[in-house]
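Peer 1: return a 3D structure for these sequence lines:
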Amino acid sequence: MTANKMVRRVQKRYGKEDLILETGRMAKQADGSVMVQYGGTVVLVSAVISKEPKEGKNFLPLTVEYQEKTYAAGKIPGGFFKREGRPSEKEILTSRLVDRPIRPLFPKGFFNEVQVIALVLSHDGANDPDILAIIGASTALGLCSTSPVVHRVGACRVGRVDGSFVLNPTYAEIEQGDLDLVVASTKDGVLMVESGAKEVPEETILEAIRFAQEQGKASMDLQEELIAACGVTKVSLPLQKADAQLSQRIQQRAEHQVKEELRSRSEKEGGSDERKILVEQLVKEFQTPEGTLTESQVEEDLDDLERTLVRQMILKERRRIDGRDLTTVRSISCEVGVLPRTHGSGLFTRGQTQSLASATLGTASDEQIIDALKGKSFKSFMLHYSFPPFSVGEIRPVRGPGRREIGHGALAEKALRPVMPLKEQFPYTVRVVSEILESNGSSSMATVCGGTLALMDAGVPIKAPVVGIAMGLVREGNQSVILTDIIGLEDHFGDMDFKATGTAKGITALQLDLKLTGIPVELLGEALKQSKPAREFVLERVLATLPAYRPELSPFAPRITLLKIDPEKIGELIGPGGKMIRRITQESGASIDVEDDGTVMVASADAAAAQKAIAFIRGLTEEAEIGKVYQGIVKRITNFGAFCEISPGKEGLCHVSELSDQFVPKVEDVVKLGDTISVKVVEIDSQGRVNLSHKQALLPPGTAPIPPARRPERSGRPGGDYGRGGPGRERSGERPREPHRSGPPSRHPAAHHP
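Peer 2: Below is the predicted model:
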């Protein structure tokens, strides 16, 4: 607990806003708590540590929970229950972002339960709370009297706008720029990196990391100031230590078998039955008189032995457990089009890691709607990562995606997003799914490569193919060895997992996790430099399989055609209650999405269905053109002419005098309901009514119009049998009382209901 529960508050300029840390006012029963504020965004972070170690555990039982409640942004949750449910993807990814830099700071043998909870209390819609959660977690642990963590973690976000670095950029600045970099560091060096970039050169990335590390020191100093002001008295909890002599005897006895097992485990990430049998034998053989030796203790001893053997081989012999040198990439094979009915598929295999990726193309209605604190957004590119237990030869229940699966999928999505085409160029919603069929290190990077193959196979016009590689590190004292394309054992027993993805032009994503308390930026630069030829090697294999994205989409994928209509015509297209757009969809079989700016997307795997819908939409929204000939369908017959539909929902009147160059006593003598006749638009009056002519439509282009035909004269009376007024009424153009309507049915019901 903190020594003094008085309210303490410190603040310092940190970019555009003040970073404020306050403790002693909220959550005072937690072992350590702090309220972190930046602008109008406030996060309360608490830490609680159990007084006794977790029984039966031989690892640090640390849990981090980051929670967003909609009240923080002045909103009420949607849905029936009106309260938050399971964690969102953003909450899970931020929980991982907080966990990764603080986990390496706990000493070995500390098995007490630790829980860190970060609760967003206020959100200003501009500043992301994730950086505040990292700083708050570090501060809260520093305020815990029983916390063994002695390092403070500084964190910041760096953007790049117009070539200049921006400290803690807003959401808008991140969208505007080409870099979104999160760096956590200690006084010992860089501790964690998470980055998305738009093909940014490696040198620029390293500059940004140096900038972030330097700027992050201010947040470390502020934490130290607050902790010192609170006068925290530290109480050391005992670390769990095994009997050193017993552990040495067990390791000597098992060394030969462990070496043999390591050779087989270099080809498999999961455990083995031989290991379980060996553990049971050693427990029986070395059981203490008190009967206190457990399987978990023996497992830990064997794990330490494996770690020593793997690291010694790398540091002293400069070779790896699978026989490769330090920079060789495992054998690679690439295949495309492996699934017959998907829109695109790719099978990428690197050593014993294999990703089967599929790409599916959808319409705007398939976009993911994200209702987050920063506002509602729509996501048209998604990548989902799946890690079934058989991929490592294990048996376990299959449930929904876990934090690891969500994290790996988010990294691969971040890597591929910068090369996806703009919506104006490729108006599809795209989903990539990666099924990990085998795993022995760096399945997320295999997902990036498999995803690239699937997208290219689907005909998605990506800007450039993206590939990725995972780099490792073994560091003891002043000796450091960087490894290219690490396998599972090297990830488990090494000190670094550094994933780098990019195109031939530059970096698209980075992710760094350490088991150390920090490394110099220069060492990170060496690892990034060493990754480049490996990425080029992988890229060659991908391009050798498929040099470019396919020029044609899969026959099973929908074809989307973009139309542009007058935004004022959107109401006519949709119709009352969506009646018109439903009619078009039902009659054509195509799906239709309409944007507020008048963009209409027509999608169908059947070209004829799409063309039918397009013709319907164009006819409905385009104005009739004077002088243009249409194929009109006779919809209604009156005694003075025929109403013809020249396009869906748009009608015009072909007067009886315009049906033929001969006198027509009766309209039905020339046309009948349902007939299709050629009609020419001869006039659109001030009320928008369309006048048509069948006889003018039959004339060759450039021919003078035919005058109206006169009724034959009867009984020798000039002017014919017109009665009083004679033919003058018709010649004067006076319309009968029957209204002449044109346009959509919703606007002109009289056109359909005389």
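
Peer 1: what sits against the nearest residue to Leu539 once chain neighbours are set aside?
Peer 2: Excluding its sequence neighbours, the residue lying closest to Leu539 (C-beta to C-beta, 6 or more residues apart in numbering) is Val467, at 4.9 Å. C-beta coordinates here come from the backbone N, C-alpha and C atoms, glycine included. Counting by C-beta atoms under 8 Å, 6 or more residues apart in numbering, Val467 touches Met445, Val448, Cys449, Thr452, Thr501, Gly502, Arg535, Val538, Leu539, Val542.

Peer 1: same thing with Ala47?
Peer 2: Applying C-beta under 8 Å, 6+ apart, we find Ala47 in contact with 30-33, 114-116, 137, 140-141, 143-144, 147.

Peer 1: tell me which of those residues fall in helices.
Peer 2: Residues of these located in helices (DSSP state H): Ala137, Ala140, Leu141, Leu143.

Peer 1: so what pLDDT did the first one get?
Peer 2: Confidence at Ala137, expressed as pLDDT, is 98.

Peer 1: now for it, how many residues are close by?
Peer 2: 31 (other C-beta atoms under 10 Å).

Peer 1: most neighbours, which of the ones in helices among the contacts of Ala47?
Peer 2: Ala137 (31 neighbours).

Peer 1: farthest pair in the ones in helices among the contacts of Ala47?
Peer 2: Farthest pair in these (C-beta to C-beta) is Ala137 and Leu143. Separation: 11.0 Å.

Peer 1: which one of the contacts of Val467 sits closest to Ile592?
Peer 2: Closest to Ile592, out of all of those and judged by C-beta to C-beta, is Thr452, at 31.4 Å.

Peer 1: ok, the closest one touching Gly346?
Peer 2: Yes - using C-beta atoms under 8 Å, Thr452 is in contact with Gly346, at 7.2 Å.

Peer 1: between these two, who's got more neighbours?
Peer 2: It is Thr452, of Thr452 and Gly346, that has more neighbours when counted by other C-beta under 10 Å, with 35 against 30.

Peer 1: how about that one: what's its closest non-neighbour residue?
Peer 2: Closest to Thr452 by C-beta to C-beta, 6+ apart is Pro465, at 4.7 Å.

Peer 1: quick one, what contacts Glu623?
Peer 2: Taking C-beta under 8 Å, 6+ apart, we find Glu623 in contact with Ile684.

Peer 1: may I ask which helix or strand encompasses it?
Peer 2: Under DSSP states H and E, no helix or strand contains Glu623.

Peer 1: and the pLDDT for the residue nearest to Leu539?
Peer 2: In this prediction Val467 is given a pLDDT of 98.

Peer 1: tell me what it is bridged to.
Peer 2: As for beta bridges, Val467 partners with Gly502 under DSSP bridges.

Peer 1: any idea how far Ala605 is from it?
Peer 2: Distance from Val467 to Ala605, counting by C-beta to C-beta, to the nearest Å: 31 Å.

Peer 1: verify the stated contact: Val114 with Leu62.
Peer 2: Yes - the pair Val114 and Leu62 qualifies as a contact (C-beta under 8 Å) at a distance of 4.6 Å.

Peer 1: number of residues surrounding the nearest residue to Asp130 once chain neighbours are set aside?
Peer 2: With C-beta to C-beta, 6+ apart as the criterion, Asp130 has its nearest non-adjacent residue at 4.6 Å, and that residue is Thr94. Other residues lying near Thr94 total 25 when counted by other C-beta under 10 Å.
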